[in-house]
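J.: Make a model of this:
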Amino acid sequence: MSRTGFTLFELIIVLMLIVIGASIGVPMIDSLMNPNQVGAAIDTVRTHFEQTRARAMEEGRPYRFSITEGGDTFQIEPDDADVDSDPGYVLPGKLPEPCLFVPNGTGIIDPSMTSQGGSLKAVAVFLPDGTARDDVDVSFGRAGLARATLRLRAITGAVNLVTQPKGN
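T.: Okay, here's the model as predicted:
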């Protein structure tokens, strides 16, 4: 007697093997992308620090770099009283998903954090002479990984990576 199909038991076994393979493979692929996302966030913040500094020097007025702690948004905008008469250059931006800004002093980013965050908080103010008002540490990263911290030196405007994320 010849058979033309598969039994229900055979189909269930094959489906179980596919599900087990996918449950092992998907986290492995995701873990390969973690360093790339955090590296892209480092490059994004570093680039926008430089852009804020250049804008302050070009226009001859202070500019601030603001972030939402616990969120993924930032903004470049003037930091002087003439915003009503001359709003200047305003640039909103976002970190690459799923990276978030975190308060300094925290270690691993909590997976329960969402990209909502709170209101914008000025973290760095660049002056027209190319310096910044204060030394600043800006921390960010992805849930489950150690945070990355960029340090801005006020007197020189130099930006350095202080902490490498786990996995780099």
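
J.: which intervals of this protein have sub-threshold pLDDT?
T.: Segments of the chain classed as low confidence (criterion: pLDDT under 70) are 1, 30-35, 81-87, 104-118, 146, 163-168.

J.: What ranges does it have for its helices?
T.: With DSSP state H as the definition, the chain shows helices at residue ranges 8-59.

J.: Tell me who's in contact with the spatially closest residue to Ala40 that is not a sequence neighbour.
T.: Spatial nearest neighbour of Ala40, excluding adjacent residues (CB to CB, 6 or more residues apart in numbering): Pro96 at 4.4 Å. The way it works is simple: take the backbone N, C-alpha and C, and place the C-beta from them, glycine included. The contact partners of Pro96, by CB atoms under 8 Å, 6 or more residues apart in numbering, come to 37, 40-41, 44.

J.: if we take those residues, which one ends up nearest to Thr7?
T.: Compare each of the contacts of Pro96 with Thr7 using CB to CB and the shortest gap goes to Gln37, at 44.6 Å.

J.: Give me the nearest residue to the closest one, chain neighbours excluded.
T.: Taking CB to CB, 6+ apart as the measure, Gln37 lies nearest to Pro96, with 5.3 Å between them; neighbours along the chain are not counted.

J.: Ranking by neighbours, what's the top pick from the contacts of Pro96?
T.: Ala41 (25 neighbours; other CB atoms under 10 Å).

J.: was I right about it contacting Gly93?
T.: No - taking CB atoms under 8 Å as the contact criterion, Ala41 and Gly93 are not neighbours in contact, 11.0 Å apart.

J.: that older thread, want to throw the contacts of Pro96 into CSV with distance to Arg133?
T.: Conversion of the contacts of Pro96 to CSV gives the following (distance: CB to CB, whole Å):
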residue, distance to Arg133
Gln37, 30
Ala40, 28
Ala41, 24
Thr44, 22
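
J.: coming back round to it: what are the phi and psi angles of the residue nearest to Gln37?
T.: Phi and psi for Pro96, reported as degrees, to the nearest 10, are phi -60, psi 140.

J.: where's it relative to Leu161, distance?
T.: When distances are taken as CB to CB, to the nearest Å, Pro96 and Leu161 turn out to be 16 Å apart.

J.: for Asp43, same thing?
T.: Shown here: Asp43 relative to Leu161, a distance of 10 Å by CB to CB.

J.: now swap in Gly88 and tell me
T.: 29 Å.

J.: How about Arg64?
T.: Per CB to CB, Arg64 is found 22 Å from Leu161.
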